[in-house]
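*Asks:* the following comprises the amino acid sequence and a computationally predicted model.
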Amino acid sequence: MPVRVVDASPTSPASASSSGVDVEHKSPPACTLLGVGQAFSGTQNVSSPQKDEAWRVNVRIQGCDLEHGYLCGTMEALNVPMADTPVVTFWEGEIVDTKNYTFFTNKWKATSEVDIQHWTKFPSFSSLLDQVEVDGGKSLNLSNYPYIFMRWKEQYFVNVGTDCGLTIAGFYYVCFSCSDGSVNGFYYDPNSSPFQKLELQSAKYEDRTGFSFPSYELQ
Amino acid sequence: MPSSAIPSSWSSHNRPELLIARLRSAGEGRLKALRELKNQIIGNRTKKLTYIKLGAVPSVVEILTSAVFDTSGDVHSILIQSCAVLGSFACGVDAGVKAVLEAGAFSHLMILISHRNDKVVDAAARSLRMIYQSKLAPKYDFLYAKNIEFILSLLNKGNENVTGLGASIITHSCWSKMEQRALSDAGVLKKLVSLLRGSLSQRDASLESLASLIKDNPEVISKFVGPESGRALSAVTELTKDRYPRTRLLACMCLIVVQSSSPASLQVAGIKMKLITILLELMDDPGEVGDEAGFALSSFISESEDLQKLAFEANVVDRLCDHLQNCLLQTRRYQGILLALAGLCSKLECCRSKIFSHKAFNLIIDALNHERSEVRVAACICLKSLSRSVQHLSAGHFKTELIIMPLVKLLCDTSTSEQVAALGAISNIVIDFAMHKSLLVKCGGVKQLVQLSKSMDSTIRVNAVWALRNLMFLVDNTCKEGIFSELTAMTLRSLICDPKPSVQEQALGLVRNLVDGSVDSIEYMFLEDCLLLNTVGRQLLSASKTEVLIQGMFVLCNVSSGNEFHKEAVMHQLMTPADPDTLSIVVKFLQNSDSQLRVAAVWALVNLTSPSSPGAFARVVRLRNAGVVQQLKTMVTDPCLDVKLRVRTALGQTMTFDASVV
């Protein structure tokens, strides 16, 4: 979801490191609630010291490739004050599978300290912290862990121009619960308010009383 | 002004009819006429076709035949010249090969391979090699020992055209694994490897032949790379640096065959990158070698993401795009470049993004309208690879009439290969994530897809249904209604019951998407006396392919997310006994070894037992009585986390009712 462009403190220097331990990597579990076509809705807290504010957010998964640790979709921000219509962005996700991606971001102005600061906001991360501090989590086996950690990075605005006064420079640290399909995230952009919280729930189609799963298959 | 079909270079004294008549003259006159004919047709396709039309080939074969059996005088010159003329007719022109074969020249040419005069042997072998460049040449069955003996006798001759002929016959005729093994066991592999040290023509013929002999056959490849073949692999590797471009290309193609079936055999440091670089350089060759290099590159990289990464690093995308911008591209080269680009971006997003940022993307789109079918097919395959990018699909890069219109037009083509290629691209492109997929509808695409879903050809059928299934993904109600009314419940029923499981799977995937979205969509299942629902239910009872069952179970799962009536209908289907005596189909699926099928079944149960539904309690009682709840209890430690979590949800919901009863 895009956020307002605001001034913030400068970034600290990057200092990510990783060990060369070679382990067998198993991908995180395939989860039907994170499959293509699945929808989520909730809010992103965009409060500043001056004002409490939350924008309603809808997310739809459009692509999922566990082999490459890849996920993508759209994010729609509904009540953005400076926009006449809902603002839709396309995002791509890196799934922390310890094969394609570790907990260390190594880009997007995120140092390993920043990474740890954000990941530790998720209670489900606490049991992984010690190992992540050692090697970014490379030696962890997350294949049976009921939470999937990801980074979601917005790539472009779908329905508004880049001159809309909003920025998608940052990215989200995301924790998805395989049990109930809830998504929690924290937006990170050194130039925006810190720890903007994203909270989404798995969304059923409005008049349905259960879960439905569409699908497509690329040739 | 209309003019004669006879080329203007013919003067009155050498008109074709006259020259053909002179072939019937005796002695020196006949020989002169043969020489003249040879000189006229050599390298001239138009003249070849003219003479073929006028029946020159049977006249020459007649001369050859009578000379073969003539022992009275010196007929060597006649034999040599008639062989040369026939070879020239066959060279590069299939109509010529056909005429030569139909006139019965083949057996006589073969007899001449054993002639006592070396020059005659050479001429006959040369002529037969021309014939063996064509697909029309007769095939040899290498499961007959005599044929293998014959090939070995050719390969063992001192004449390079004869050995070359032996190699060409292998290239042309050796396809099955059994034939490859028989030839290899008989010593042909060893002989071909020894010919790599021969003349330029022997080397090339041997390389081509070796590629056929080892293709897709790890057993023969292991012999080829093993100690019994000496240093065959290194000899071929060395030939990739040969001064002749054709030799370099053939050596690369031989190594590509090794890589595709036995990657472990090709472990020379940096060889893969070298192959890519050499093939890229060969594409600069203006002739046939440059044309074929694109195909070789495509076959090398298409299946391997690692090789595509190497190619990306070697800047192959840019180089291919540059080649594509050469407006003078011939059909074969154009096709090769498009296929190489298709291979490059079949798996890697970075390659796709690079093509999108290049103006070559528009040239790929233009190629959809090319006059030659091969180029149009290659363009479709390239677009199919490019449209595997969800990012670019979502950005709407394919949502343009410039792409959709020609693709839909290709669907109407009579060529199966074009239809299948176009369907492949359309299947991906229709997943544009916009709810309003009206562009395809506007272009008449849906009508065509539905038409093709009824094709007699199962490949077309499966691809057409696949496209419709993807089109139905997240589509809005209006569009859904349009597709359904075109398709009809009866056609869908036929497709679900298609004899091919792959069609059944896609058809059920289509229905799965049809009943997704607004709850009203589920009503499609109940039209015409529950036609679709009952068909899906029957298919779940009778199908054996897991992929079909998964899609069918997800259909029921999606229906079970609707209202009470929908849920009860699903209950009825799920509780049907799978076997006459025992299990209901839902229990059978819960016990299946495929986790996707188990998860689909559990999701349906989660939907059916949702406590917010008024009829949930009664359903829980029925599920318990049928042993379904008991089955769920055995799955709380299911090895698949997704199944395990859904089982817990379902059991939690059933226990809600236990508590309320207590």
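*Replies:* Yep, that arrived. Residues are numbered from 1 along each chain as shown, chains lettered A, B, ... in the order given.
*Asks:* now the strand or helix carrying B:K223: average pLDDT?
*Replies:* B:K223 belongs to helix B:218-225 when elements are defined using DSSP states H and E. Helix B:218-225 carries an average pLDDT of 90.
*Asks:* packing partners of it?
*Replies:* helix B:177-185, helix B:188-195, helix B:200-214, helix B:232-239, helix B:245-261 (3 or more C-beta pairs under 8 Å, 6 or more residues apart in numbering or on different chains; DSSP states H and E). In this view, the C-beta of every residue, glycine as well, is placed from N, C-alpha and C.
*Asks:* what's the angle between the last one and helix B:232-239?
*Replies:* Yep, that's helix B:245-261 we're talking about. 140 degrees (axes from the mean of the first three to the mean of the last three C-alpha atoms, to 10 degrees).
*Asks:* what is helix B:245-261 packed up against?
*Replies:* helix B:200-214, helix B:218-225, helix B:232-239, helix B:271-282, helix B:288-301.
*Asks:* would you turn the ones you listed into TSV with mean neighbour count?
*Replies:* Below are those laid out as TSV (neighbours: other C-beta atoms under 10 Å in any protein chain shown):
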stretch	mean neighbour count
helix B:200-214	24
helix B:218-225	20
helix B:232-239	19
helix B:271-282	20
helix B:288-301	23
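*Asks:* one step back: export the helices and strands packed on helix B:218-225 to CSV and tack on mean pLDDT?
*Replies:* Shown next, in CSV, are the helices and strands packed on helix B:218-225 (pLDDT from 0 to 100):
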stretch, mean pLDDT
helix B:177-185, 91
helix B:188-195, 91
helix B:200-214, 93
helix B:232-239, 90
helix B:245-261, 94
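*Asks:* JSON lines for the ones you listed, including distance to B:A464?
*Replies:* Below are the helices and strands packed on helix B:218-225 laid out as JSON lines (distance: least, C-beta to C-beta, whole Å):
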{"stretch": "helix B:177-185", "distance to B:A464": "34"}
{"stretch": "helix B:188-195", "distance to B:A464": "44"}
{"stretch": "helix B:200-214", "distance to B:A464": "35"}
{"stretch": "helix B:232-239", "distance to B:A464": "44"}
{"stretch": "helix B:245-261", "distance to B:A464": "30"}
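*Asks:* circling back: and the angle from the helix holding B:K223 to helix B:232-239?
*Replies:* Using the same axes, to 10 degrees, helix B:218-225 lies at 70 degrees relative to helix B:232-239.
*Asks:* where's helix B:218-225 relative to the chain centroid, distance-wise?
*Replies:* Distance of helix B:218-225 from the chain centroid (C-alpha atoms, centre = their mean, to the nearest Å) equals 25 Å.
*Asks:* who touches it?
*Replies:* For helix B:218-225, contacts defined as C-beta atoms under 8 Å, 6 or more residues apart in numbering or on different chains pick out B:177, B:180-181, B:184, B:189, B:193, B:210, B:213-214, B:229, B:232-233, B:257-258, B:261-262, B:265.
*Asks:* can you rerun that using 6 Å?
*Replies:* B:180, B:184, B:214, B:232-233, B:258, B:261-262, B:265 (C-beta atoms under 6 Å, 6 or more residues apart in numbering or on different chains).
*Asks:* beta partners of A:I95?
*Replies:* Taking DSSP bridges, one finds A:M150 as the beta-bridge partners of A:I95.
*Asks:* quick revisit: quick one, which of the helices and strands packed on helix B:218-225 gets closest to B:I78.
*Replies:* helix B:200-214 (25.6 Å; C-beta to C-beta).
*Asks:* just the CA trace of the helix holding B:K223, in PDB.
*Replies:* Extracted in PDB, the C-alpha atoms of helix B:218-225 (Å, rounded to 0.1, in the frame of the first residue of the first chain):
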ATOM      1  CA  PRO B 218      21.800 -42.300 -21.800                       C
ATOM      2  CA  GLU B 219      23.100 -45.800 -22.400                       C
ATOM      3  CA  VAL B 220      24.700 -45.100 -25.800                       C
ATOM      4  CA  ILE B 221      25.800 -41.700 -24.400                       C
ATOM      5  CA  SER B 222      27.700 -43.400 -21.600                       C
ATOM      6  CA  LYS B 223      29.500 -45.500 -24.300                       C
ATOM      7  CA  PHE B 224      30.200 -42.400 -26.300                       C
ATOM      8  CA  VAL B 225      31.700 -40.600 -23.300                       C
END
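*Asks:* kindly calculate the angle that it makes with helix B:188-195.
*Replies:* Computed by the same axes, to 10 degrees, the angle separating helix B:218-225 from helix B:188-195 equals 30 degrees.
*Asks:* dump the helices and strands packed on helix B:245-261 to TSV, plus distance to B:Q551.
*Replies:* Output for the helices and strands packed on helix B:245-261, formatted as TSV (distance: least, C-beta to C-beta, whole Å):
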stretch	distance to B:Q551
helix B:200-214	40
helix B:218-225	35
helix B:232-239	46
helix B:271-282	39
helix B:288-301	32
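*Asks:* nearest to B:R352, of the ones you listed?
*Replies:* Nearest of those (C-beta to C-beta): helix B:288-301, 14.1 Å.
*Asks:* other residues contacting the helix or strand just after the closest one?
*Replies:* Per DSSP H and E, helix B:288-301 leads on to helix B:305-313 as the next helix or strand towards the C-terminus. Helix B:305-313 has contacts (C-beta under 6 Å, 6+ apart) with B:272-273, B:276, B:301, B:344, B:347-348, B:350-351.
*Asks:* and helix B:305-313 with helix B:271-282, angle?
*Replies:* Using the same axes, to 10 degrees, helix B:305-313 lies at 50 degrees relative to helix B:271-282.
*Asks:* how far off centre is helix B:305-313?
*Replies:* 21 Å.
*Asks:* now do the buried residues in it.
*Replies:* B:307-308, B:310-312 (16 or more other C-beta atoms under 10 Å in any protein chain shown).
*Asks:* only C-alpha atoms, please: export that helix in PDB.
*Replies:* This file holds the C-alpha atoms of helix B:305-313, laid out as PDB (Å, rounded to 0.1, in the frame of the first residue of the first chain):
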ATOM      1  CA  GLU B 305      17.000 -22.600 -15.800                       C
ATOM      2  CA  ASP B 306      20.700 -22.700 -15.000                       C
ATOM      3  CA  LEU B 307      21.600 -22.600 -18.700                       C
ATOM      4  CA  GLN B 308      19.100 -19.700 -19.100                       C
ATOM      5  CA  LYS B 309      20.900 -17.900 -16.300                       C
ATOM      6  CA  LEU B 310      24.200 -18.400 -18.100                       C
ATOM      7  CA  ALA B 311      22.700 -17.200 -21.300                       C
ATOM      8  CA  PHE B 312      21.400 -14.100 -19.600                       C
ATOM      9  CA  GLU B 313      24.800 -13.400 -18.200                       C
END
